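**Student:** model this:
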Amino acid sequence: MRTVLGVQRWLSAFDEQSRMFRDAVREADADAPVPSCPPWTFGQLTMHVGRFLQTVGVHLRSGSQEPMRPEPLVTVPDPLGFLDEQVTALREVLAATPGNRPVWTFSPAAPRLAWFWHRRVAHEMALRRWDAQSASRAQAPFSRELALDGVDEALGTLLAAKQDVDSPLAASGTALVTCDDGDESWRVRFVPGEVPEVRQVKPGATVTTDARVSGRASSLYLALTGRCPLNGEGDPAVLAALRLR
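**Tutor:** Have a look, this model is predicted:
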C-alpha cells in the first residue's frame, strides 16, 4: 500500500499537532461547545482525545493481533493533565514500535501492521487540533503533504472501516476524487456488501464515474472527514458515501 508520509513523518506530525491541540484546549473554556463537534464541550473533546490515545497505547503495548476491550471510561478531574499523560505515554510507545510489527487494525483494507497506528494517531491529532481551533481565529493550515496523506488514509482505509460497520451500504457506483493543487486522484467503487475498492489514478488518465469531487488537498481532507461541505457533482448517494461522518 502506498502512503504519502512514513513513520518518522507521522511521529513529527503527532508531536506538532499534539502541541497545537493542547494549546487550543488550554485556552478555551472547558464548558464551551466545540463548533465542529456538537454537542461536545472542550472538556469532553479533551477527554475523548486522551481516551483515544490511552486505548491505542494499551493495544500497542499488548502486541495483540485481536481487538481488545477498552478500559472502563472514567471521568477525571483534570482532563488537560490526563491528556498530557497520554500524549507522553503514547509517544514513547510509538517511538519504540517498528512500523512493520504485526498488530490488529480495525480496517479491512489496511494491513495488520503497526504503521497503521502511527498514521492514525497523527491524523486524529491533526483533525482534533482543527476542531479545537475552530472556535478561534487562530486556525493553523495543514501542510499539503499531511492533508494529502489524510485524504489517502480517509479513502484507502477509513472508508472501508466505515462501510464494514454500516449496513447495508446504500450506494452503488463509482466516484473520482481529485486534488486541484496537484495531480493526485483516486477512483472509489462502491458495491453493496463489499469493502469499497480504491485505486489511485495516473495523471491524465480518462476515468468514467458516477460522481466527481475536486478541491485542494486540505479542503478534501476536511470534507471527507465531515468538517466542511463536500463539493462534487453526480450521484448524491455516491457522494454521501464518500464522507466518513
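
**Student:** what domains does the record give for this protein?
**Tutor:** Structural domains assigned to the chain are 7-133, 144-242, following automatic domain parsing.

**Student:** Is it possible to get TSV of the ones you listed that adds mean neighbour count?
**Tutor:** Where you see a C-beta, it was placed from the backbone N, CA and C, and this is true even at glycine. Below are the domains of the chain laid out as TSV (neighbours: other CB atoms under 10 Å):
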stretch	mean neighbour count
domain 7-133	17
domain 144-242	18
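
**Student:** Would you format those domains as a markdown table with mean pLDDT included?
**Tutor:** Listed next are these as a markdown table, based on pLDDT from 0 to 100:
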| stretch | mean pLDDT |
| --- | --- |
| domain 7-133 | 94 |
| domain 144-242 | 92 |
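
**Student:** Spell out, range by range, the strands that occur in the protein.
**Tutor:** Counting by DSSP state E, the chain has strands at residues 173-179, 185-190, 197-201, 211-215, 232-234.

**Student:** Switch those strands over to JSON lines; also include distance to residue 117.
**Tutor:** Shown next, in JSON lines, are the strands of the chain (distance: least, CB to CB, whole Å):
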{"stretch": "strand 173-179", "distance to residue 117": "24"}
{"stretch": "strand 185-190", "distance to residue 117": "22"}
{"stretch": "strand 197-201", "distance to residue 117": "20"}
{"stretch": "strand 211-215", "distance to residue 117": "28"}
{"stretch": "strand 232-234", "distance to residue 117": "30"}
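
**Student:** Among the ones you listed, which comes closest to residue 23?
**Tutor:** Using CB to CB as the measure, strand 211-215 is the one of the strands of the chain that comes nearest residue 23, at 27.8 Å.

**Student:** Give me the distance from that closest one to the chain's centre.
**Tutor:** Chain-centre distance of strand 211-215: 19 Å, with CA atoms, centre = their mean, to the nearest Å.

**Student:** Can you check which of the strands of the chain gets nearest to residue 53?
**Tutor:** Across these, residue 53 has its closest neighbour in strand 197-201 (27.3 Å, CB to CB).

**Student:** ok now the closest one, how far from the chain's centre?
**Tutor:** On the basis of CA atoms, centre = their mean, strand 197-201 is displaced by 18 Å from the centre of the chain it belongs to.

**Student:** Check which strands are paired with it and give the direction for each one.
**Tutor:** Strands flanking strand 197-201 in the sheet, each with its direction: strand 185-190 (antiparallel) (DSSP bridges).

**Student:** residues in contact with the partner strand?
**Tutor:** By CB atoms under 8 Å, 6 or more residues apart in numbering, the list of residues contacting strand 185-190 from outside reads 151-152, 155-156, 159, 163, 169, 171-179, 196-201, 203, 205, 207, 209, 238, 241-242.

**Student:** What ranges does the protein have for its helices?
**Tutor:** Listed in chain order, the helices of the chain (DSSP state H) span 7-27, 42-62, 79-96, 115-133, 144-153, 159-165, 217-224, 236-242.

**Student:** Reformat those as CSV; add distance to residue 192.
**Tutor:** Written out in CSV, the entries for these read as follows (distance: least, CB to CB, whole Å):
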stretch, distance to residue 192
helix 7-27, 33
helix 42-62, 30
helix 79-96, 37
helix 115-133, 26
helix 144-153, 24
helix 159-165, 9
helix 217-224, 21
helix 236-242, 10
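
**Student:** If anything else comes up later, I'll come back, but that's it for now.
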